[in-house]
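>>> sequence first, then the predicted structure:
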Amino acid sequence: MSRRYFGTDGIRGKVGVEPMTVEFVMKIGWAAGKVLSRENRGTVVIGKDTRISGYMFESALEAGLAAAGLDVLLLGPMPTPAIAYLTRAQRATAGIVISASHNPYHDDGVKFFNGDGFKLPDETEETIELMIDQPLEMVESAQIGKASRMDDAKGRYIEFCKSSIPFNTTLRGIKIVVDCAHGATYHIAPTVFRELGAEVIEIGTKPDGLNINKDVGAMHPEHLRSVVLEQQADIGIAFDGDGDRMMMVDSSGDLKDGDQLLYIIARSKLLNHEMSGGVVGTLMSNLGLEHALEREGISFERAKVGDRYVLEKLVEKGWSLGGESSGHIICLDKTTTGDGIIAALQVLDWLVDRGISLSDACADMSLYPQTMINVPVSSKIDLQAMPVIQDAVRAAESELTGSGRVLLRASGTEPLIRVMVEGQDRTLVDKLAHELAASVSESAPG
(Lines give C-alpha, C1' and ligand atoms only; values in the text may rest on other atoms or scores of the structure.)
Protein backbone atom coordinates (compact mmCIF):
# COMPACT_ATOMS: atom_id res chain seq x y z
CA MET A 1 0.00 0.00 0.00
CA SER A 2 1.03 3.63 -0.44
CA ARG A 3 1.85 5.09 2.97
CA ARG A 4 0.37 8.50 3.72
CA TYR A 5 2.02 9.45 7.00
CA PHE A 6 5.11 7.34 7.69
CA GLY A 7 8.32 8.24 5.90
CA THR A 8 11.72 6.61 6.17
CA ASP A 9 12.00 7.63 9.83
CA GLY A 10 8.56 7.81 11.39
CA ILE A 11 6.06 10.62 10.93
CA ARG A 12 7.35 14.16 10.57
CA GLY A 13 6.05 17.58 9.57
CA LYS A 14 5.53 21.23 10.40
CA VAL A 15 4.04 21.80 13.82
CA GLY A 16 0.35 22.73 13.57
CA VAL A 17 -0.09 21.18 10.13
CA GLU A 18 -1.44 17.62 9.86
CA PRO A 19 -0.04 15.15 10.74
CA MET A 20 1.71 17.19 13.44
CA THR A 21 -1.38 18.60 15.15
CA VAL A 22 -2.37 17.84 18.73
CA GLU A 23 -5.53 16.04 17.64
CA PHE A 24 -3.76 13.91 15.07
CA VAL A 25 -0.85 12.99 17.34
CA MET A 26 -3.32 11.85 19.99
CA LYS A 27 -4.93 9.66 17.33
CA ILE A 28 -1.49 8.33 16.35
CA GLY A 29 -0.88 7.40 19.98
CA TRP A 30 -4.21 5.60 20.21
CA ALA A 31 -3.74 3.78 16.88
CA ALA A 32 -0.19 2.71 17.73
CA GLY A 33 -1.33 1.56 21.13
CA LYS A 34 -4.09 -0.60 19.66
CA VAL A 35 -1.72 -2.19 17.13
CA LEU A 36 1.34 -2.65 19.31
CA SER A 37 -0.41 -3.88 22.45
CA ARG A 38 -2.20 -6.72 20.62
CA GLU A 39 -5.12 -6.08 22.97
CA ASN A 40 -2.91 -6.80 26.02
CA ARG A 41 -2.16 -4.10 28.57
CA GLY A 42 1.46 -2.99 28.44
CA THR A 43 3.75 0.00 28.92
CA VAL A 44 4.99 2.42 26.26
CA VAL A 45 8.12 4.48 26.91
CA ILE A 46 8.02 8.08 25.61
CA GLY A 47 11.03 10.37 25.21
CA LYS A 48 11.55 13.62 23.34
CA ASP A 49 14.17 16.09 22.17
CA THR A 50 14.31 19.72 23.32
CA ARG A 51 11.98 21.50 20.87
CA ILE A 52 9.15 23.45 22.45
CA SER A 53 6.40 21.43 20.76
CA GLY A 54 7.56 18.31 22.60
CA TYR A 55 5.55 19.29 25.67
CA MET A 56 2.18 19.26 23.95
CA PHE A 57 2.89 16.23 21.77
CA GLU A 58 4.04 14.30 24.83
CA SER A 59 0.67 15.00 26.46
CA ALA A 60 -1.21 14.13 23.26
CA LEU A 61 0.54 10.77 22.92
CA GLU A 62 0.00 10.05 26.61
CA ALA A 63 -3.75 10.67 26.21
CA GLY A 64 -4.04 8.53 23.08
CA LEU A 65 -2.12 5.62 24.58
CA ALA A 66 -4.09 5.78 27.84
CA ALA A 67 -7.33 5.73 25.85
CA ALA A 68 -6.08 2.55 24.17
CA GLY A 69 -5.47 1.00 27.59
CA LEU A 70 -1.67 1.26 27.79
CA ASP A 71 0.44 2.63 30.62
CA VAL A 72 3.00 5.31 29.78
CA LEU A 73 6.51 5.84 31.14
CA LEU A 74 7.76 9.38 30.48
CA LEU A 75 11.51 9.92 30.14
CA GLY A 76 11.61 13.64 29.31
CA PRO A 77 14.37 14.95 27.01
CA MET A 78 16.52 11.98 25.96
CA PRO A 79 18.44 10.98 22.82
CA THR A 80 16.60 8.73 20.36
CA PRO A 81 18.96 5.77 21.00
CA ALA A 82 18.35 6.15 24.75
CA ILE A 83 14.64 5.50 24.17
CA ALA A 84 15.53 2.37 22.19
CA TYR A 85 17.75 1.14 25.02
CA LEU A 86 15.34 1.95 27.86
CA THR A 87 12.44 0.35 25.97
CA ARG A 88 14.38 -2.90 26.01
CA ALA A 89 15.63 -2.45 29.57
CA GLN A 90 12.08 -1.87 30.86
CA ARG A 91 10.67 -4.80 28.84
CA ALA A 92 8.18 -2.28 27.48
CA THR A 93 5.71 -2.95 24.69
CA ALA A 94 7.15 -0.12 22.58
CA GLY A 95 9.06 3.13 22.67
CA ILE A 96 8.08 6.43 21.05
CA VAL A 97 10.42 9.34 20.30
CA ILE A 98 9.07 12.86 19.78
CA SER A 99 11.64 14.46 17.50
CA ALA A 100 12.30 15.84 14.05
CA SER A 101 15.98 14.92 14.32
CA HIS A 102 18.15 17.48 12.48
CA ASN A 103 15.22 19.69 11.40
CA PRO A 104 14.62 23.18 12.90
CA TYR A 105 12.34 23.70 15.92
CA HIS A 106 9.19 24.45 13.90
CA ASP A 107 9.13 20.83 12.68
CA ASP A 108 8.45 17.83 14.87
CA GLY A 109 7.72 14.15 14.50
CA VAL A 110 7.13 10.79 16.14
CA LYS A 111 9.04 7.58 15.55
CA PHE A 112 8.63 4.17 17.10
CA PHE A 113 10.66 1.27 18.47
CA ASN A 114 9.30 -2.18 19.15
CA GLY A 115 9.87 -3.93 22.45
CA ASP A 116 13.26 -5.20 21.24
CA GLY A 117 14.51 -1.66 20.56
CA PHE A 118 14.33 -1.89 16.76
CA LYS A 119 12.46 0.46 14.44
CA LEU A 120 9.10 -0.85 13.29
CA PRO A 121 8.93 -2.81 10.03
CA ASP A 122 6.98 -1.32 7.13
CA GLU A 123 4.12 -3.77 7.66
CA THR A 124 3.51 -2.61 11.24
CA GLU A 125 3.60 1.05 10.22
CA GLU A 126 1.05 0.30 7.50
CA THR A 127 -1.23 -1.39 10.05
CA ILE A 128 -0.98 1.69 12.30
CA GLU A 129 -1.95 3.89 9.34
CA LEU A 130 -5.03 1.76 8.74
CA MET A 131 -5.97 2.00 12.42
CA ILE A 132 -5.65 5.81 12.32
CA ASP A 133 -8.63 5.85 9.93
CA GLN A 134 -10.82 4.03 12.47
CA PRO A 135 -12.98 5.88 15.03
CA LEU A 136 -11.19 6.42 18.34
CA GLU A 137 -12.88 4.13 20.85
CA MET A 138 -11.75 4.29 24.47
CA VAL A 139 -11.34 1.25 26.62
CA GLU A 140 -13.61 0.90 29.68
CA SER A 141 -12.82 3.43 32.42
CA ALA A 142 -11.25 0.80 34.65
CA GLN A 143 -8.84 -0.14 31.82
CA ILE A 144 -7.56 3.38 31.05
CA GLY A 145 -3.75 3.53 31.15
CA LYS A 146 -1.73 5.31 33.81
CA ALA A 147 1.33 7.54 33.40
CA SER A 148 4.50 7.74 35.48
CA ARG A 149 7.91 9.35 35.08
CA MET A 150 11.35 7.70 35.17
CA ASP A 151 13.49 10.02 37.26
CA ASP A 152 16.78 8.17 36.74
CA ALA A 153 16.60 7.72 32.94
CA LYS A 154 19.62 9.99 32.40
CA GLY A 155 21.88 8.06 34.76
CA ARG A 156 20.83 4.68 33.39
CA TYR A 157 21.67 5.69 29.82
CA ILE A 158 24.97 7.30 30.79
CA GLU A 159 26.11 4.06 32.40
CA PHE A 160 24.95 2.07 29.36
CA CYS A 161 27.02 4.27 27.04
CA LYS A 162 30.12 3.95 29.22
CA SER A 163 29.72 0.17 29.30
CA SER A 164 30.11 0.01 25.49
CA ILE A 165 33.91 0.34 25.79
CA PRO A 166 36.34 -1.64 27.99
CA PHE A 167 36.28 -0.85 31.71
CA ASN A 168 39.97 0.07 31.72
CA THR A 169 39.67 2.63 28.89
CA THR A 170 40.25 6.16 30.13
CA LEU A 171 40.08 9.47 28.28
CA ARG A 172 42.38 11.26 30.74
CA GLY A 173 44.64 13.76 29.04
CA ILE A 174 42.28 14.28 26.09
CA LYS A 175 40.60 17.65 25.55
CA ILE A 176 37.26 17.27 23.74
CA VAL A 177 34.86 19.93 22.47
CA VAL A 178 31.34 18.50 22.60
CA ASP A 179 28.59 20.15 20.51
CA CYS A 180 25.12 18.92 21.45
CA ALA A 181 23.15 21.08 18.97
CA HIS A 182 21.02 22.37 21.87
CA GLY A 183 19.33 19.00 21.52
CA ALA A 184 18.63 15.83 23.42
CA THR A 185 22.26 14.98 24.27
CA TYR A 186 22.83 18.30 26.09
CA HIS A 187 22.70 16.77 29.59
CA ILE A 188 24.08 13.35 28.59
CA ALA A 189 27.10 13.50 26.28
CA PRO A 190 29.31 15.93 28.26
CA THR A 191 28.81 13.82 31.40
CA VAL A 192 29.70 10.57 29.59
CA PHE A 193 33.03 11.94 28.37
CA ARG A 194 33.84 13.68 31.68
CA GLU A 195 33.16 10.55 33.72
CA LEU A 196 35.59 8.70 31.45
CA GLY A 197 38.27 11.25 32.32
CA ALA A 198 38.24 13.72 29.43
CA GLU A 199 38.50 17.48 29.73
CA VAL A 200 35.24 18.63 28.13
CA ILE A 201 34.37 21.99 26.62
CA GLU A 202 30.63 22.27 25.98
CA ILE A 203 28.84 24.09 23.19
CA GLY A 204 25.22 23.72 22.11
CA THR A 205 24.12 22.70 25.62
CA LYS A 206 21.66 25.48 26.44
CA PRO A 207 18.36 24.48 24.81
CA ASP A 208 15.52 26.98 24.99
CA GLY A 209 12.96 25.09 22.89
CA LEU A 210 13.66 27.19 19.79
CA ASN A 211 17.40 26.86 19.17
CA ILE A 212 17.72 23.12 18.48
CA ASN A 213 20.09 22.56 15.51
CA LYS A 214 20.37 26.33 14.96
CA ASP A 215 23.89 27.03 13.61
CA VAL A 216 25.34 24.23 15.76
CA GLY A 217 25.62 20.45 15.82
CA ALA A 218 26.35 17.87 13.16
CA MET A 219 24.49 19.88 10.51
CA HIS A 220 26.58 23.02 11.17
CA PRO A 221 30.09 21.95 12.23
CA GLU A 222 31.73 25.31 11.46
CA HIS A 223 31.37 26.57 15.05
CA LEU A 224 32.80 23.31 16.40
CA ARG A 225 35.83 23.69 14.12
CA SER A 226 36.53 27.21 15.36
CA VAL A 227 36.24 26.23 19.04
CA VAL A 228 38.52 23.20 18.58
CA LEU A 229 41.19 25.44 17.05
CA GLU A 230 40.67 28.24 19.57
CA GLN A 231 40.88 25.88 22.56
CA GLN A 232 43.67 23.77 21.00
CA ALA A 233 41.54 20.71 21.66
CA ASP A 234 42.48 17.20 20.60
CA ILE A 235 39.12 16.42 19.07
CA GLY A 236 35.61 17.81 18.52
CA ILE A 237 32.37 15.82 18.50
CA ALA A 238 29.09 17.14 17.08
CA PHE A 239 25.70 15.48 17.52
CA ASP A 240 22.41 16.26 15.83
CA GLY A 241 19.24 17.27 17.67
CA ASP A 242 18.16 13.78 18.72
CA GLY A 243 21.61 12.25 19.15
CA ASP A 244 21.49 9.43 16.63
CA ARG A 245 24.15 10.88 14.32
CA MET A 246 27.63 12.22 14.95
CA MET A 247 30.53 13.94 13.20
CA MET A 248 34.06 14.60 14.45
CA VAL A 249 36.70 17.29 13.94
CA ASP A 250 40.41 16.62 14.39
CA SER A 251 42.92 18.91 16.12
CA SER A 252 43.57 20.74 12.84
CA GLY A 253 39.89 21.53 12.38
CA ASP A 254 39.33 18.99 9.59
CA LEU A 255 35.85 17.45 9.56
CA LYS A 256 35.55 13.64 9.58
CA ASP A 257 32.21 12.42 8.29
CA GLY A 258 30.30 9.19 8.87
CA ASP A 259 32.20 7.29 6.16
CA GLN A 260 35.58 8.07 7.71
CA LEU A 261 34.40 7.26 11.23
CA LEU A 262 32.83 4.02 10.00
CA TYR A 263 36.21 3.08 8.49
CA ILE A 264 37.98 3.70 11.80
CA ILE A 265 35.53 1.51 13.72
CA ALA A 266 35.66 -1.25 11.08
CA ARG A 267 39.46 -1.30 11.06
CA SER A 268 39.60 -1.35 14.86
CA LYS A 269 37.25 -4.34 14.96
CA LEU A 270 39.28 -6.13 12.30
CA LEU A 271 42.59 -5.67 14.10
CA ASN A 272 41.02 -6.58 17.45
CA HIS A 273 39.53 -9.75 15.89
CA GLU A 274 36.00 -8.49 16.63
CA MET A 275 34.78 -8.07 13.06
CA SER A 276 31.49 -9.83 12.43
CA GLY A 277 31.08 -10.15 8.65
CA GLY A 278 31.39 -6.96 6.64
CA VAL A 279 30.17 -3.37 6.62
CA VAL A 280 26.91 -1.95 5.24
CA GLY A 281 26.84 1.54 3.76
CA THR A 282 24.30 3.23 1.50
CA LEU A 283 24.05 4.29 -2.11
CA MET A 284 25.58 7.60 -1.01
CA SER A 285 28.58 6.15 0.85
CA ASN A 286 31.83 7.45 -0.61
CA LEU A 287 33.66 5.17 -3.02
CA GLY A 288 36.80 5.87 -1.01
CA LEU A 289 35.25 3.98 1.92
CA GLU A 290 34.49 0.98 -0.26
CA HIS A 291 38.02 0.87 -1.68
CA ALA A 292 39.65 1.36 1.74
CA LEU A 293 37.64 -1.51 3.22
CA GLU A 294 38.52 -3.70 0.22
CA ARG A 295 42.22 -3.13 0.89
CA GLU A 296 41.66 -4.38 4.44
CA GLY A 297 39.80 -7.45 3.16
CA ILE A 298 36.49 -6.25 4.63
CA SER A 299 33.32 -6.93 2.63
CA PHE A 300 31.11 -3.94 1.84
CA GLU A 301 27.51 -3.74 0.68
CA ARG A 302 25.22 -0.81 -0.07
CA ALA A 303 21.65 -0.35 1.14
CA LYS A 304 19.08 2.28 0.19
CA VAL A 305 19.56 5.70 1.80
CA GLY A 306 18.23 5.71 5.36
CA ASP A 307 19.52 4.13 8.56
CA ARG A 308 16.51 1.78 8.73
CA TYR A 309 17.60 0.23 5.43
CA VAL A 310 21.17 -0.09 6.68
CA LEU A 311 19.78 -1.93 9.70
CA GLU A 312 17.63 -4.22 7.52
CA LYS A 313 20.69 -5.16 5.45
CA LEU A 314 22.77 -5.81 8.58
CA VAL A 315 20.12 -8.15 9.96
CA GLU A 316 19.77 -9.86 6.58
CA LYS A 317 23.54 -10.45 6.33
CA GLY A 318 24.09 -11.25 9.98
CA TRP A 319 26.64 -8.41 10.22
CA SER A 320 27.00 -5.87 13.03
CA LEU A 321 28.45 -2.62 11.62
CA GLY A 322 26.97 -0.11 9.19
CA GLY A 323 26.25 3.54 8.67
CA GLU A 324 25.77 6.59 6.50
CA SER A 325 27.94 9.51 5.43
CA SER A 326 25.63 11.74 7.48
CA GLY A 327 26.98 10.20 10.68
CA HIS A 328 24.35 7.57 11.46
CA ILE A 329 26.51 4.67 12.64
CA ILE A 330 24.97 1.42 13.84
CA CYS A 331 27.00 -0.90 16.08
CA LEU A 332 24.67 -3.86 16.48
CA ASP A 333 27.10 -5.57 18.84
CA LYS A 334 26.51 -2.66 21.25
CA THR A 335 22.94 -1.46 20.66
CA THR A 336 19.96 -1.76 18.33
CA THR A 337 19.98 1.56 16.49
CA GLY A 338 22.22 4.43 15.37
CA ASP A 339 23.77 6.02 18.46
CA GLY A 340 26.02 9.06 18.22
CA ILE A 341 27.53 8.76 21.70
CA ILE A 342 28.27 5.04 21.43
CA ALA A 343 29.78 5.48 17.95
CA ALA A 344 31.99 8.30 19.25
CA LEU A 345 33.15 6.10 22.12
CA GLN A 346 34.14 3.30 19.73
CA VAL A 347 36.34 5.75 17.81
CA LEU A 348 37.86 7.22 20.99
CA ASP A 349 38.57 3.76 22.40
CA TRP A 350 40.59 2.91 19.28
CA LEU A 351 42.54 6.19 19.38
CA VAL A 352 43.41 5.66 23.04
CA ASP A 353 44.28 1.99 22.53
CA ARG A 354 46.70 2.78 19.68
CA GLY A 355 47.89 6.14 20.99
CA ILE A 356 47.10 7.86 17.69
CA SER A 357 45.26 11.01 16.63
CA LEU A 358 41.96 11.14 14.76
CA SER A 359 43.83 12.41 11.70
CA ASP A 360 46.24 9.45 11.81
CA ALA A 361 43.36 6.99 12.14
CA CYS A 362 41.88 8.26 8.87
CA ALA A 363 45.18 8.46 6.99
CA ASP A 364 44.69 5.24 5.00
CA MET A 365 41.31 6.33 3.63
CA SER A 366 40.81 9.06 1.04
CA LEU A 367 37.40 10.49 0.27
CA TYR A 368 36.82 10.78 -3.47
CA PRO A 369 35.50 14.10 -4.80
CA GLN A 370 31.72 13.94 -5.00
CA THR A 371 29.35 16.39 -6.68
CA MET A 372 25.61 16.36 -5.98
CA ILE A 373 23.09 18.42 -7.98
CA ASN A 374 19.37 18.51 -7.20
CA VAL A 375 17.19 18.82 -10.30
CA PRO A 376 13.57 19.98 -9.67
CA VAL A 377 10.80 17.99 -11.36
CA SER A 378 7.05 18.55 -11.38
CA SER A 379 6.01 14.90 -11.13
CA LYS A 380 7.37 11.46 -10.40
CA ILE A 381 9.36 9.95 -13.29
CA ASP A 382 10.85 6.55 -14.06
CA LEU A 383 14.50 7.26 -14.80
CA GLN A 384 15.06 3.72 -16.08
CA ALA A 385 12.41 4.24 -18.77
CA MET A 386 14.05 7.36 -20.26
CA PRO A 387 16.62 6.34 -22.96
CA VAL A 388 18.16 9.81 -23.24
CA ILE A 389 19.00 9.87 -19.54
CA GLN A 390 20.25 6.29 -19.52
CA ASP A 391 22.50 7.02 -22.52
CA ALA A 392 23.91 10.04 -20.66
CA VAL A 393 24.60 7.88 -17.59
CA ARG A 394 26.42 5.25 -19.66
CA ALA A 395 28.51 7.94 -21.36
CA ALA A 396 29.49 9.43 -17.99
CA GLU A 397 30.41 6.02 -16.60
CA SER A 398 32.57 5.40 -19.68
CA GLU A 399 34.48 8.64 -19.08
CA LEU A 400 35.12 7.65 -15.47
CA THR A 401 36.82 4.47 -16.76
CA GLY A 402 36.12 2.45 -13.63
CA SER A 403 37.55 5.07 -11.26
CA GLY A 404 34.22 6.52 -10.18
CA ARG A 405 30.47 6.04 -10.16
CA VAL A 406 27.21 7.73 -11.13
CA LEU A 407 23.97 7.70 -9.15
CA LEU A 408 20.61 9.17 -10.11
CA ARG A 409 17.75 8.80 -7.65
CA ALA A 410 14.47 10.45 -6.84
CA SER A 411 14.25 12.22 -3.47
CA GLY A 412 11.92 10.50 -1.04
CA THR A 413 10.77 13.79 0.51
CA GLU A 414 10.96 16.47 -2.21
CA PRO A 415 10.12 16.79 -5.96
CA LEU A 416 13.77 16.42 -6.93
CA ILE A 417 16.05 14.11 -8.88
CA ARG A 418 19.40 13.85 -7.12
CA VAL A 419 22.33 13.58 -9.54
CA MET A 420 25.56 12.39 -7.96
CA VAL A 421 28.92 11.78 -9.62
CA GLU A 422 31.97 10.57 -7.73
CA GLY A 423 35.52 9.90 -8.85
CA GLN A 424 39.20 10.59 -8.34
CA ASP A 425 39.37 13.60 -10.71
CA ARG A 426 37.52 16.62 -9.26
CA THR A 427 37.36 18.51 -12.56
CA LEU A 428 35.93 15.53 -14.42
CA VAL A 429 33.43 14.80 -11.64
CA ASP A 430 32.09 18.37 -11.71
CA LYS A 431 31.84 18.36 -15.51
CA LEU A 432 29.96 15.07 -15.69
CA ALA A 433 27.59 16.01 -12.85
CA HIS A 434 26.55 19.22 -14.59
CA GLU A 435 26.15 17.44 -17.94
CA LEU A 436 23.93 14.77 -16.36
CA ALA A 437 21.90 17.38 -14.47
CA ALA A 438 21.31 19.23 -17.75
CA SER A 439 20.21 15.99 -19.40
CA VAL A 440 17.74 15.25 -16.60
CA SER A 441 16.42 18.81 -16.62
CA GLU A 442 15.84 18.74 -20.37
CA SER A 443 14.21 15.30 -20.37
CA ALA A 444 12.14 15.35 -17.18
CA PRO A 445 9.00 17.40 -16.52
CA GLY A 446 10.00 20.54 -14.67
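Thanks, I have it.
>>> would you mind confirming that Arg41 makes contact with Ala66?
No - counting by C-beta atoms under 8 Å, Arg41 does not reach Ala66; the two are 11.1 Å apart. All C-beta atoms are positioned from the backbone trio N, CA, C, and that covers glycine.
>>> can you list residues touching both of those two?
Residues touching both Arg41 and Ala66 (C-beta atoms under 8 Å, 6 or more residues apart in numbering) are Gly145.
>>> with neighbour numbers in mind, choose between those two.
Higher neighbour count among Arg41 and Ala66: Ala66, with 23 against 13, using other C-beta atoms under 10 Å.
>>> list the contacts for the residue nearest to that one when sequence neighbours are not counted?
In space, and not counting its chain neighbours, Ala66 is closest to Gly145: 3.8 Å by C-beta to C-beta, 6 or more residues apart in numbering. By C-beta under 8 Å, 6+ apart, the contact set of Gly145 is Gly33, Arg41, Leu65, Ala66, Ala67, Ala68, Gly69, Leu70, Asp71, Val72.
>>> what's the helix or strand for the fourth one?
If you go by DSSP states H and E, Ala66 is part of helix 54-67.
>>> please enumerate the strands of the stretch 51-200 of the chain.
Here the stretch 51-200 of the chain has its strands, by DSSP state E, counting those that start in this stretch, at 71-77, 94-98, 107-114, 147-149, 175-179, 199-203.
>>> got the contact list for the fifth one?
If I follow you right, that is strand 175-179. The contact list for strand 175-179 (C-beta under 8 Å, 6+ apart) reads 189-190, 193, 198-205, 216-218, 221, 223-224, 227-228, 231-239, 249.
>>> could you give the angle of the helix holding Ala66 to strand 107-114?
Going by axes from the mean of the first three to the mean of the last three C-alpha atoms, to 10 degrees, helix 54-67 is angled at 40 degrees with respect to strand 107-114.
>>> tally of neighbours for the residue nearest to Gln370 when sequence neighbours are not counted?
Nearest non-adjacent residue to Gln370, counting by C-beta to C-beta, 6+ apart: Glu422, 4.4 Å away. For Glu422, the count of nearby residues is 24 (other C-beta under 10 Å).
>>> mind checking which helix or strand Glu422 is in?
strand 416-423.
>>> mind listing what that strand pairs with, with the direction of each?
strand 370-376 (antiparallel), strand 404-410 (antiparallel) (DSSP bridges).
>>> how about Leu255, what does it touch?
Pro221, Arg225, Met247, Met248, Val249.
>>> so it bridges to which residues?
Taking DSSP bridges as the rule, Leu255 bridges to Val249.
>>> then Val110?
Applying DSSP bridges to Val110 gives these bridge partners: Ile11, Ile98.
>>> tell me the confidence at Gly69?
Looking at Gly69, its pLDDT is 95.
>>> does Ser359 touch Ser252 like I think?
Yes - here Ser359 reaches Ser252: they are 6.5 Å apart, a contact under C-beta under 8 Å.
>>> where are the low-confidence patches of the stretch 51-200 of the chain?
Of all residues in the stretch 51-200 of the chain, none has pLDDT under 70.
>>> tell me which residues of the helix holding Ala66 come out buried.
For helix 54-67, a neighbour-count test (16 or more other C-beta atoms under 10 Å) marks Gly54, Phe57, Glu58, Ser59, Ala60, Leu61, Glu62, Ala63, Gly64, Leu65, Ala66, Ala67 as buried.
>>> now these in a markdown table, please, with extra columns for distance to Phe24.
Shown next, in a markdown table, are the buried residues of helix 54-67 (distance: C-beta to C-beta, whole Å):
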| residue | distance to Phe24 |
| --- | --- |
| Gly54 | 16 |
| Phe57 | 10 |
| Glu58 | 15 |
| Ser59 | 14 |
| Ala60 | 8 |
| Leu61 | 11 |
| Glu62 | 15 |
| Ala63 | 12 |
| Gly64 | 10 |
| Leu65 | 14 |
| Ala66 | 17 |
| Ala67 | 14 |
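>>> ok, the residues you listed vs Ala153, which is closest?
Comparing the buried residues of helix 54-67 against Ala153 with C-beta to C-beta picks out Glu58 as the nearest, at 13.7 Å.
>>> any idea how far that closest one lies from Asp9?
Distance of Glu58 to Asp9, given as C-beta to C-beta, to the nearest Å: 19 Å.
>>> ends of stretch 377-387, how far apart?
The straight-line separation of the ends of stretch 377-387 (C-alpha to C-alpha, to the nearest Å) is 17 Å.
>>> so Ser251 touches Ile356, yeah?
No - between Ser251 and Ile356 there is no contact under C-beta under 8 Å: 11.8 Å.
>>> Val352 contacts Thr169, correct?
Yes - using C-beta under 8 Å, Val352 is in contact with Thr169, at 5.9 Å.
>>> related to what we said a few turns ago, save the strands of the stretch 51-200 of the chain as JSON lines, and put in distance to Gly13 too.
Listed next are the strands of the stretch 51-200 of the chain as JSON lines, based on distance: least, C-beta to C-beta, whole Å:
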{"stretch": "strand 71-77", "distance to Gly13": "21"}
{"stretch": "strand 94-98", "distance to Gly13": "13"}
{"stretch": "strand 107-114", "distance to Gly13": "7"}
{"stretch": "strand 147-149", "distance to Gly13": "25"}
{"stretch": "strand 175-179", "distance to Gly13": "26"}
{"stretch": "strand 199-203", "distance to Gly13": "29"}
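>>> quick one: contacts for Ser164?
Taking C-beta under 8 Å, 6+ apart, one finds Cys331, Lys334, Thr335, Ile342, Leu345, Gln346 in contact with Ser164.
>>> one more time with 6 Å
By C-beta atoms under 6 Å, 6 or more residues apart in numbering, Ser164 lies in contact with Lys334, Ile342, Leu345.
>>> and the second one, which of the three is it?
Looking back up the chat, that one is Ile342. Classification of Ile342 using DSSP: H, G, I helix; E, B strand; the rest coil returns helix.
>>> how close does the nearest residue to it once chain neighbours are set aside sit to Asn374?
Spatial nearest neighbour of Ile342, excluding adjacent residues (C-beta to C-beta, 6+ apart): Ser164 at 4.8 Å. Ser164 sits 37 Å away from Asn374, going by C-beta to C-beta.
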